[in-house]
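>>> Test case, fold it:
(4 chains)
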There are 4 protein chains.
Amino acid sequence: MIGICQFGAGRIGQIHAANAAASGRAELKYVVDVNADAAAELAGKYQASTASIEEALRDPDIKAVIIASSTDTHADLIEASARAGKAIFCEKPIDLSLARVEQAIEVIEDTGVTTLIGFNRRFDPTMGSVCRAARSGAVGDLETVIITSRDPSPPPVSYVKVSGGLFRDMMIHDLDLAHWILGEVPVEVYAKGSCLIDPNIGAAGDIDTAAVTLTSASGVLVHITNNRRAAYGYDQRLEVFGSKGMVKADNRSSTAVTTITEHGVISDKPLHFFLERYEDAYKAEMAHFLDCIEGKAKPMATMQDGRVALILADAAQQSVETGLPVKISQ
Amino acid sequence: MIGICQFGAGRIGQIHAANAAASGRAELKYVVDVNADAAAELAGKYQASTASIEEALRDPDIKAVIIASSTDTHADLIEASARAGKAIFCEKPIDLSLARVEQAIEVIEDTGVTTLIGFNRRFDPTMGSVCRAARSGAVGDLETVIITSRDPSPPPVSYVKVSGGLFRDMMIHDLDLAHWILGEVPVEVYAKGSCLIDPNIGAAGDIDTAAVTLTSASGVLVHITNNRRAAYGYDQRLEVFGSKGMVKADNRSSTAVTTITEHGVISDKPLHFFLERYEDAYKAEMAHFLDCIEGKAKPMATMQDGRVALILADAAQQSVETGLPVKISQ
Amino acid sequence: MIGICQFGAGRIGQIHAANAAASGRAELKYVVDVNADAAAELAGKYQASTASIEEALRDPDIKAVIIASSTDTHADLIEASARAGKAIFCEKPIDLSLARVEQAIEVIEDTGVTTLIGFNRRFDPTMGSVCRAARSGAVGDLETVIITSRDPSPPPVSYVKVSGGLFRDMMIHDLDLAHWILGEVPVEVYAKGSCLIDPNIGAAGDIDTAAVTLTSASGVLVHITNNRRAAYGYDQRLEVFGSKGMVKADNRSSTAVTTITEHGVISDKPLHFFLERYEDAYKAEMAHFLDCIEGKAKPMATMQDGRVALILADAAQQSVETGLPVKISQ
Amino acid sequence: MIGICQFGAGRIGQIHAANAAASGRAELKYVVDVNADAAAELAGKYQASTASIEEALRDPDIKAVIIASSTDTHADLIEASARAGKAIFCEKPIDLSLARVEQAIEVIEDTGVTTLIGFNRRFDPTMGSVCRAARSGAVGDLETVIITSRDPSPPPVSYVKVSGGLFRDMMIHDLDLAHWILGEVPVEVYAKGSCLIDPNIGAAGDIDTAAVTLTSASGVLVHITNNRRAAYGYDQRLEVFGSKGMVKADNRSSTAVTTITEHGVISDKPLHFFLERYEDAYKAEMAHFLDCIEGKAKPMATMQDGRVALILADAAQQSVETGLPVKISQ
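Okay, the predicted model is just below:
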C-alpha cells in the first residue's frame, strides 16, 4: 500500500481521495487543508488523519502526495514535496506564472521524484483514444485539428478574478490536447476573445468566448473555441483530420434513450458537468499515478506538458491583448 | 449502518457486496458460500466474516440478506431469511418451479419482510427511463412493444442444463420488462425457438434463438427476440410505440469515438457484457434496496413480479413445445 | 425509345409516368383511366394521348404497359397485356384472390412476356442494400429478422373496405422483404391483430395494429410489426441478424439538422410519406423495368414473388381469425 | 413559360439546364458555349438551339439567362445581359477582381434587372435551414460559428492556376454562409494556409489547407477550415452556437444502412461529391430564380452578397500573405 497525503479537501480533492482509496493500492494517511473542518471530514471518511504540511511530509510512510489545493499553493507544495522525496500528482495548473512553473520544475528535476499533472482529458477513454489514434497514424499525416470546449455555465466573478483568465484556466486543457496530438509545440498562436455571456466577466478584465488558431512547424492548423456557457450542458468535442480520414470525439450522455414524436427525434443532452463527464478519466488518472509510482508506467502528462500549455495560454492572452499573432520560441 | 449477510461469493455476489460496501449505508458482516475460499476472500475484502447460514441469520445485527448463490438455493434461503425477519434482496430467478416460487412468496407474505428481486433492467438509467416514460403516457396509449436481447456468446452447456432453459434464464428479464411496461399480465404467449448457434445446446434440449409474441387484454402486441450470441457483443434494445410516438433504448458503448475513412463511418461496438452494461443498474438496485429497508421507497421489483415473469417463461416454453399459443390465467 | 401505355392516372401512376418520361429511354404514348379528365391531364403533360384499353394494346409501337390502376383491374389488364405481347410493370398487389393471381401468372407464363411487380422496397437504396447484404452472407448465417413498418396515418375506411385488409394491403411489402431476405418461403405464419387506432377500421372488419412471426424451414425467425399510424410519420426499418453480426436499415429524414438546447438533442423526423421515402426507389424500379425490356437485367421482383407474398398475407389473415399458427405448403 | 438562354454547357450548366427544363415554368431556348459540340448536345436534349451571345440576347422572348460559363466571362455576360434587360442567374464567383465585380454591380443597379448568384448552400435544405434557424433566434444571441468544408480530392493544378486560389474558389461558399448567418459583414479576417496535400498546388502559389477566423463587430467569432481532400468524401458541416444552444448541419449519406460486426458499428460515408450533395439545392435554387422572375420572391443571394464574399476572400488571401489579421472596411 502506497501511503498518501492529500493537500486540499475540496470538490476535486474528494474525487482524487475516493479514487485513491478505492484503488486497493494506496492508503490515504493525511488530509491537509486550511479549512480544518473540511480536512477532518474527508480524513474521517477514509480513516486518515489531518496534519500540517510539515508533519505530513516528514512521515517516511508517505510515498506520494496529491495536490488539489488552491492554485496559488501548488508550486510551493510541489517544491516541498519534491524535496521530501515524495511522488507528486498535481492538479492543473502548476502556477499562473511561467517563471514560477520553471522554478518548480527545476526542483523536480533536481530531486528526480515522479510527477504527474492532472490533465484529465488525456485519461478519458473517449478523448484519450482519439489522441492516441491520431498519434498512431490512424488518420495518416495530420492536417487539421478542431477542438470545441464549452462549460455549462460561467464561474463566479470572484473565481474569474484569481483564475488567470480563460486561456490559463479553461482553454489550457485544449491547448494541452493540441500539444499532445501534434507531438510538438506549435510555433504560432492567434487568439480572439469576446465577452458575450456575462458583462461582469468583462468588467473583471476577462473574456467568456474565445477562438484560437495554433500553427505547427509543419503547417498543421488547429482551431480551438471555448465558451463559458452552453444552454445544453458541458460540450467537449475534438476532431483530428489527416490524409487518411478523420477521428473524432463526440459528447456522452447519461442514457441511450430516444423519444420520437410529432416534434422530432429527441435524445439526451450531453453529461452536464466535468465531474460526471470525466468521472472515468479521474479514475484512470489516479490508477496511472499509482502505476508510475510502482514503476509500471511512465507519466503520460508531465510537468513539462504543464509548462508548454501555460506558454500557449500566455501567448493566447498576449494575442488577444495585442490583436496580433504571437510566435512561440521555446 | 445496515448489517448485511451475503449468500454467494461468485461473480454477481462480488458486485452486490462491493455496491453495498460503497453505499456508506450498509456494513457487510457475513459472507456465506459453500466454497469456503471464495467466501473468505470476499469477506476479507470488507472486514466481514464467513459464517454458516444459521449463524448469520441468528445474528440480530443482520437486518438484510443478499441472495446471490446458485438458483437452487434461492427459495430455501428466502424462506429461512424471511422467518428470521431479514429484509431480502434476491437475484433472479426465485426458483425454476412456479409451485416452489409460490411457496416462498407465501412465507414472505406471512412474515411481512421487505423483499426485492434483482431484475436489473428496471434499475438501468436507459431501460428504466424508457419504461417509466411509457408508463407515464409519454407516448400516449401503448400499441406495440419490441424488445431485443442478445448475449455476446452462449453459456457453457453445463450451465444450460441447469438453467431452466432460455426462457426462464435469459428471456425472463425481457418478459419482466414487458410486464412492467404493460402494467398488466399479458393474456397470451406464443413462442418459437430454434437452435442455430450451438448444436450442443439443442442436444441438451434447449434453444439458442427465440421469438415470442405477448398479447395484452387490451390488444397491445409485444415482440421479443433473444439470441444467445452476437458477434458484436451484448445487444439490449427496447422500443415502446403508442398513439403519440415512440420511446426507445439503444445500446451503450464504452467511448464516443468515431473514425471516418474511405471504408465508412465507424464507431464503437456496444458494451460487451452484462457486468459492464448494467454496472450503473447494479449500483442503483442496491441503493434502492437500502432505501426500501430504511422506509424511503417501496420495492420497484417484487417477488410477485418474479412470479409473473416465471409464469410467462413457462408459457413460452410450453408454446415452443406444443407449437400453439398459450393462454395465461392468473 | 420504348413505347409505353400507362393504365391509371392517379397518384402513383403520375410518379411512374414521370419516371418513365425522365428516363430518356421510354416514350409515354397512351394514358388509360376511367377518369377521362385525369387521363387527359396526365397525357397532356407528356405529349401522350388518351385511349381505350383495346386501342392502346392494339398499337404495335407499344412495347410495355404500366399498370397503376385500381387493384380490381390488375389481373384483367395483366392478362390482356400479356396476350398482346407487352412487357408488364404492375403495381402490387396482382389481385386480392390467390386463385385469380395464379390464373394471371399462367397467362404470363404462356405468353412469356417480361413482367415486374412494384415491390418498391426491393429498389430502395437503403432497404435493398440491407437485403442484398443479408443475402450475400455479410452477416453470416441468418438467425433473426425484425421488420417494422408504420404508416403516418390510417387510410379512409372506404379504402380499408376494398383493400383486402392490413396484411394484403400494407404488410404485403414486409412479407415480400422477408421472403426475399430468407431466399425461401417461410413454412409457418403466426399473426396477432388489434384495432387500437381507429374503431371504424375494426367496424369494417379489419385491424390497424399487427404482429407476425414467420418461421423458415431452417429455423430462422422473422418478426414483423405494422401500425396504421405513427405520430412522427412514416417508419420503415429492418434489421437482419446472423452469425457474423447485424445489418439494418434506419429511417431517412429530409435534412441533417440537429438542434441542441436545454430540452435535448433534437433532429428531424423521418420522411413523412411513402412518396417521399421511396422517391428514389420508384426511379430505380422504372429504370430496372426498362433494363429488363432491353434485356440488360432479369426482373428483381417477379409475379411469383407477388404470389408468395399474397400466400403469406392470406396465412396471416387466417391466423388472426383462428388464433392458431398456419402452415404454408406451396 | 419563361424563355431562357444558358451560357455554358459544362457540368454545372447541364444541371441548371435540366432543373430549368424540369420546372415546367421555363423553356430553354438557347445554349451558348465556345465548345460548339457541347452547346449542340445540351441544346438538343431540350429542343433548344445554339446561338451566339448577341443572337440570344437580342431575342425578346428570352427573359432570363443562366451564366454557367468559365469565370472570366461572367462579368461581361452579366453586363451584356443586364443591358439587354434579362434576369440573371450567375454561378459564383462574379469575377476574381473586386473592381470588376463592382463595375458589373453598377450596371445591374443601373438596369434594375433581377439577379441571383449561385451560392448553393443557401438553397440546401440542411445548410439553409441551419442558417435560417440561426437568423431567427432559435439559438438565441450568436456567439460562435464553426464551418468545416472539405473536398473529396484536389482539383487539377491547371484549374488551381486560374481559380483565384482556395479562398476565392472554395472557401467563398463558407465566407458567404458566415456573412449570411451573422447578418453583417465581419470586421476582421485572420487566415492561415498550408500546402499539405499536393506540393504542385504549393508550386502554383496556392494552399490546400486553410483555417480562417472572422470577427463580427459585436464580437461573434467564426472559425472556418477548408481542406482540398478528404479520404471519406465531401465533408460539409456547420454549427452555430448561441445563448440558447446550438444548431448544426451534419453530412448526408446515400443510405441509412448500418452494419454491426465484431469490427464496430459501420455506416455510410458522406455523399461523395458536390453534385450529389447539393442536388436538392440546385433544384431549389432554380425554382427560386423563377420565383424571383415571376415576382413571387426576392432574391435570397444577391450580387452584393457575392461582392462581400469576395472582399472576405481577398482579405483572407492578404492575411495569409502578410501573416497579420486584416480589417474589413466596407
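>>> can you give me how far the helix or strand of chain A with the lowest mean pLDDT is from the chain middle?
Least confident element among the helices and strands of chain A, by mean pLDDT, DSSP states H and E: helix A:274-277 (a mean of 90). Relative to the chain's own centre, helix A:274-277 is displaced by 12 Å; criterion: Cα atoms, centre = their mean, to the nearest Å.
>>> any residue of it up close to chain C?
No. Judged by Cβ under 8 Å from any Cβ of the partner chain, helix A:274-277 and chain C are separated, with a smallest distance of 15.3 Å. The C-beta positions use only the backbone N, C-alpha and C, and glycine is treated the same way.
>>> what's the nearest residue to the residue nearest the centre of chain A if we skip its chain neighbours?
The centroid of chain A falls nearest to A:Phe119 when counting by Cα atoms, centre = their mean (3.2 Å). Counting by Cβ to Cβ, 6 or more residues apart in numbering or on different chains, A:Phe119 lies nearest to A:Ala301, which is 4.5 Å off, once chain neighbours are set aside.
>>> What is the burial count for the one you found?
24 (other Cβ atoms under 10 Å in any protein chain shown).
>>> give the contact list for A:Lys248.
The contact partners of A:Lys248, by Cβ atoms under 8 Å, 6 or more residues apart in numbering or on different chains, come to A:Val130, A:Arg237, A:Leu238, A:Glu239, A:Val240, B:Val257, B:Thr258, B:Thr259, B:Ile260.
>>> Could you list the low-confidence segments of chain A?
Along chain A, segments meeting pLDDT under 70 span A:330.
>>> Can you name the residues of it that neighbour chain C?
Listed as neighbours of chain C in chain A under the rule Cβ under 8 Å from any Cβ: A:231-232, A:253, A:260-269.
>>> Now with 10 Å, please.
Contact residues, chain A versus chain C (Cβ under 10 Å from any Cβ of the partner chain): A:230-233, A:235, A:251, A:253, A:257-270.
>>> Which of these fall in strands?
Here DSSP state E is the test, and the residues of chain A next to chain C give A:Asp235, A:Val257, A:Thr258, A:Thr259, A:Ile260, A:Thr261, A:Gly264, A:Val265, A:Ile266, A:Ser267 as lying in strands.
>>> For those, which two are the farthest from each other?
Pairwise distances across these peak at 24.9 Å for A:Asp235 and A:Thr261 (criterion: Cβ to Cβ).
>>> Give me the more crowded residue out of the two.
More neighbours surround A:Asp235 than the other of A:Asp235 and A:Thr261, with 23 against 19 (other Cβ under 10 Å).
>>> Excluding chain neighbours, what is closest to the more buried one?
With Cβ to Cβ, 6+ apart as the criterion, A:Asp235 has its nearest non-adjacent residue at 3.7 Å, and that residue is A:Arg150.
>>> and A:Asp250, what is it in contact with?
Listed by Cβ atoms under 10 Å, 6 or more residues apart in numbering or on different chains, the contact partners of A:Asp250 are A:126, A:130, A:235-239, A:270, B:255-258, B:267.
>>> So A:Met300: helix, strand or coil?
What DSSP: H, G, I helix; E, B strand; the rest coil gives for A:Met300 is coil.
>>> Check which residues of the helix or strand A:Leu57 falls within are buried.
Following DSSP states H and E, the helix or strand that holds A:Leu57 is helix A:53-58. Buried residues in helix A:53-58, defined by neighbour count with 16 or more other Cβ atoms under 10 Å in any protein chain shown: A:Ile53, A:Ala56, A:Leu57.
>>> Number of residues surrounding A:Lys283?
The number of residues near A:Lys283, taken as other Cβ under 10 Å, comes to 16.
>>> For it, give me its contacts.
A:Lys283 neighbours (Cβ under 10 Å, 6+ apart): A:Ile15, A:Ala18, A:Asn19, A:Ala22, A:Ser23, A:Phe123.
>>> I'd guessed A:Val65 sits against A:Ala26; true?
No. Taking Cβ atoms under 10 Å as the definition, A:Val65 is not a contact partner of A:Ala26, at 11.5 Å.
>>> so what sits against both of these two?
Here A:Val65 and A:Ala26 have A:Ile4 as joint contacts, going by Cβ under 10 Å, 6+ apart.
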